[in-house]
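Enquirer: Fold the following.
(chains A, B, C and D)
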There are 2 protein chains.
Amino acid sequence: MSRQLPQPSRDSINLVTLLAALADPVRLTLMQAMYSRTGPVDCSVIAEGVEVGAPTVSHHYRVLREAGLTTTTVEGRRRVVTIRYEDLDVRFPGLLTAVLTPTANI
Amino acid sequence: MSRQLPQPSRDSINLVTLLAALADPVRLTLMQAMYSRTGPVDCSVIAEGVEVGAPTVSHHYRVLREAGLTTTTVEGRRRVVTIRYEDLDVRFPGLLTAVLTPTANI
DNA sequence: CCGATGCTTTGACACCCATCGAACTTACCC
DNA sequence: GGGTAAGTTCGATGGGTGTCAAAGCATCGG
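Expert: Numbers count the residues shown, from 1 in each chain, chains lettered A, B, ... in the order given. Sure, this is the predicted structure:
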């Protein structure tokens, strides 16, 4: 039994909000960590290597989700976070690739 | 006789800084206005339709330039602003297109 | 030389935001 | 049920930022 946390519909994803969500070192690190993995991963696993406390990580996951970048599902006491590849590719083609390719982060 | 205002080198353009520069409605509007034109244009011309005062516009142009998105040259008492297409395409391929295509702004 | 023009700088103000500690909620396990 | 574990929420705090009014600085035209 798993429920999904509220997130904006594909068409209501705002570009400025999306860019603001990506324009933070911690959130960009989280997104790149998700991007380099295949399939959904526990958010605690992704958050390794990020040097901020648990409340702050939780805050950043919320910002990413509310911006339309990720989907969060509750499974037991864990949260599984996935990137909304399809929606984002329809809405802003090429954006994710341009932002999250490893070479972009030097 | 025209001089160029200081701007970061191509390799020192930072992705987070660049995204933060784009994550503002006024600056994104300015960038999209430049993107839809061919060749350099006076910044005063571009700034039409933006509903903020002159000092604020000046501030936003500075942020864009210091983030590495634009080049500003001084010509007399005017400033001519151009997007750094080549540098940005080398550094973050596809990003400009993804962010500035008109369809992305709905 | 003098006024007007185009843009910038400075200072001030209000607001937003990233971060943390503490407390809370929910779920798993013995 | 009791304890632990994973996340969230709540305040509070400090720093950053968008905005404007006023003043400043070159530059062009007469």
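
Enquirer: got a list of contacts for stretch A:13-29?
Expert: Contact with stretch A:13-29 is made by A:31, A:49-50, A:52, A:56-57, A:60, A:63-64, A:66-69, A:87-88, A:91-92, A:95, A:99, A:105, B:15-16, B:19-20, B:22-25, B:28, B:99, B:104-105, as judged by CB atoms under 8 Å, 6 or more residues apart in numbering or on different chains. In this view, the C-beta of every residue, glycine as well, is placed from N, C-alpha and C.

Enquirer: avg pLDDT for stretch A:18-37?
Expert: pLDDT averaged over stretch A:18-37 equals 94, rounded to a whole number.

Enquirer: Does the strand or helix carrying residue A:21 reach DNA strand D?
Expert: Take DSSP states H and E as the rule and residue A:21 turns out to sit in helix A:15-22. No - counting by CB under 7 Å from any atom of the strand, DNA strand D has no neighbours in helix A:15-22; the shortest distance is 9.1 Å.

Enquirer: CA atoms only for that helix, dumped as CSV, please.
Expert: Extracted as CSV, the C-alpha positions of helix A:15-22 are listed here (Å, rounded to 0.1, in the frame of the first residue of the first chain):
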residue,chain,number,x,y,z
LEU,A,15,9.4,27.3,-15.8
VAL,A,16,10.5,30.0,-13.4
THR,A,17,9.6,27.8,-10.4
LEU,A,18,11.4,24.8,-12.0
LEU,A,19,14.5,26.8,-12.6
ALA,A,20,14.4,28.2,-9.1
ALA,A,21,14.1,24.7,-7.7
LEU,A,22,17.2,23.6,-9.7
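
Enquirer: next one: it to chain centre, how far?
Expert: Counting by CA atoms, centre = their mean, to the nearest Å, helix A:15-22 is centred 12 Å from the centre of its parent chain.
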